[in-house]
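Colleague: mind looking at a prediction? Sequence and model below.
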Amino acid sequence: MPDPTLTAARRDALRRRVRDAGLSALLVTALVNVRYLTGFTGSQARVLVTADGDADVFVTDGRYREQAEAEVPGMERIVNPTPGWLRERLGGRESLGVESQHLPWDDVRDLQRRLGDVTVTPAPEHVEALRQAKDDAELDALRRACRIGDRAFAALVGWVRPGMTEREVAVRLERTMVDLGAAGSSFDTIVASGPNSAIPHHRPAQRRLWSGDLLKVDFGALVDGYHSDMTRTVAIGEPDARLRRVHDVVREAQAAGLAAAVCGAAAAEVDRACRAIIDAAGHREDFTHGTGHGVGLQIHERPLLSPRSVATLADRMAVTVEPGVYLPGVGGVRIEDTVIVGPAGAAGPESLTRSPRGLLVV
Ligand code: ZN
Ligand code: ZN
């Protein structure tokens, strides 16, 4: 659980944004954002953050009374609020921002009706913007999650065998991460073998691994709410020369992407760096997705690393770099790491996932 001074600092950072946006207050309703600002991990809550700081409050229902006392000790709390709580709380404040990327239209209309003269304004993505650069507690959780991913992969290399089904590999990998201390998997594990490895987000099925297959595993561990994300592609027995070449190309592309992921770089530049190598190798059409994404309390968050991204990388951002080449019906390779962008002038990012990137033949 983050300590209360840390979540208070996050609310203060949000408060500056609320002020800069000319709002009197922001009502935070996305649960992941509530968690970031308060430490609360339950499934029903909202937080009001005011520009002047005088009326901040955490609101939940009776099911979470005890949990809120334990997890949100540093903030005023209302449990089972009256229908008029928000209007009373706002006092004479004139404008309320809402997380319009998240709040359903019906709820906005209902709020506007109950709030009378208060202007309800769309104020999307303020907390998401703050969440891009990670503080020390977040980096620590991400490091632990990534370490579990590495250890689970090392274990997989030891036990994976021809004849196992993709499903068996996925279940055992997920079980390994839990045994190593993860709360669970950070998303549905992708295990894709042989021709299935050419499907970027293949769902593991009953196909059995055979000698000569590529085996692509994309998986992560969940630790204290933070997600790790790593992909490795290994060979079950010696692969044919064409697939080995594809692995070399993707590895080179990923190294170029990692080198480009520095403070001040355009996120689109990281994508370009990967794509340039893959294009030059004649696989322009075979890299069918963006290069990466932010990772933290959600498996996919800002910034996006794609050709169309307008984001700029900054110190302490956690992002993935994950180029791939997919040859339909034949096989595919993706190599992905979760990395932390360093401060200005740093040579490159710190990779939190550290499993070997070369082609392992198991
Ligand atoms: Zn992944
Ligand atoms: Zn990813």
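Modeller: Everything's here; your move. Ligands and ions are numbered 1, 2, ... in the order given.
Colleague: what residues of stretch 195-210 count as buried?
Modeller: For stretch 195-210, a neighbour-count test (16 or more other C-beta atoms under 10 Å) marks 195, 196, 197, 198, 200, 202, 204, 207, 209 as buried. In this view, the C-beta of every residue, glycine as well, is placed from N, C-alpha and C.
Colleague: how about stretch 33-53?
Modeller: Under the neighbour-count criterion of 16+ other C-beta under 10 Å, stretch 33-53 has 33-40, 42, 45-51 buried.
Colleague: restrict those to contacts with ligand 2.
Modeller: When C-beta under 5 Å from the ion is applied, no member of those is adjacent to ligand 2.
Colleague: near residue 1, how many other residues are there?
Modeller: Residues lying near residue 1 (other C-beta atoms under 10 Å) number 15.
Colleague: that one: what's it in contact with?
Modeller: Going by C-beta atoms under 8 Å, 6 or more residues apart in numbering, residue 1 touches 39, 71, 224.
Colleague: the second one contacts residue 40, correct?
Modeller: Yes - at 5.0 Å, residue 71 and residue 40 qualify as touching, with contact defined as C-beta atoms under 8 Å.
Colleague: can you name the residues of the protein that neighbour ligand 2?
Modeller: Neighbours of ligand 2 within the chain, by C-beta under 5 Å from the ion: 229, 320.
Colleague: which parts of the chain are helices?
Modeller: Per DSSP state H, the chain carries helices over the ranges 4-20, 31-38, 65-71, 85-90, 105-115, 126-131, 136-159, 166-179, 241-260, 267-280.
Colleague: in the longest one, what's buried?
Modeller: This means helix 136-159. Neighbour count says helix 136-159 has 137-139, 141-153, 155-156 buried, by 16+ other C-beta under 10 Å.
Colleague: again with the last one
Modeller: When neighbours are counted by 16+ other C-beta under 10 Å, the buried residues of helix 267-280 are found to be 267, 268, 269, 270, 271, 272, 273, 274, 275, 277, 278.
Colleague: tell me the confidence at the first one?
Modeller: For residue 267, the model assigns a pLDDT of 98.
Colleague: could we number from 532 for the rest of this?
Modeller: All set: I'll call the first residue 532, so the last point we hit is now residue 798.
Colleague: what mean pLDDT does stretch 537-555 have?
Modeller: Average pLDDT, stretch 537-555: 97.
Colleague: do the same with stretch 724-741
Modeller: Per-residue scores along stretch 724-741 average to 96.
Colleague: one more: stretch 886-893?
Modeller: Mean predicted lDDT for stretch 886-893 stands at 97.
Colleague: distance from the chain centre to it, please.
Modeller: Centre-to-centre, stretch 886-893 and its host chain are 24 Å apart (C-alpha atoms, centre = their mean, to the nearest Å).
Colleague: what of stretch 662-679?
Modeller: Using C-alpha atoms, centre = their mean, the offset of stretch 662-679 from its chain centre is 11 Å.
Colleague: quick revisit: just flag the most distant two among the buried residues of stretch 726-741.
Modeller: The largest separation in the buried residues of stretch 726-741, counting by C-beta to C-beta, is between 731 and 740 at 18.9 Å.
Colleague: may I see the buried residues of helix 798-811 organised as a markdown table, with distance to residue 704 added?
Modeller: Formatted as a markdown table, these follow (distance: C-beta to C-beta, whole Å):
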| residue | distance to residue 704 |
| --- | --- |
| 798 | 30 |
| 799 | 33 |
| 800 | 33 |
| 801 | 28 |
| 802 | 28 |
| 803 | 33 |
| 804 | 30 |
| 805 | 26 |
| 806 | 30 |
| 808 | 29 |
| 809 | 27 |
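Colleague: closest to residue 859 among the residues you listed?
Modeller: Comparing these against residue 859 with C-beta to C-beta places residue 809 closest, at 15.8 Å.
Colleague: wait, what's in contact with that closest one?
Modeller: Taking C-beta under 8 Å, 6+ apart, we find residue 809 in contact with 780, 781, 784, 815, 817, 818, 854, 856.
Colleague: cool, and residue 583?
Modeller: Taking C-beta under 8 Å, 6+ apart as the test, what residue 583 contacts is residue 555.
Colleague: try residue 750
Modeller: Contacts for residue 750 (C-beta under 8 Å, 6+ apart) come out as 680, 683, 701, 704-705, 708, 716-718, 720-721, 761-762.
Colleague: roughly how far apart are it and ligand 2?
Modeller: Separation of residue 750 from ligand 2 (C-beta to the ion, to the nearest Å) stands at 10 Å.
Colleague: beta-bridge partners for the closest residue to residue 769 other than its chain neighbours, please?
Modeller: Nearest non-adjacent residue to residue 769, counting by C-beta to C-beta, 6 or more residues apart in numbering: residue 892, 6.1 Å away. Applying DSSP bridges to residue 892 gives these bridge partners: residue 766.
Colleague: I'd guessed residue 875 sits against residue 843; true?
Modeller: No - counting by C-beta under 8 Å, residue 875 stays clear of residue 843, with 11.7 Å between them.
Colleague: compare those two (neighbour count), which wins?
Modeller: Per other C-beta under 10 Å, whichever of residue 875 and residue 843 has more neighbours is residue 843, with 14 against 9.
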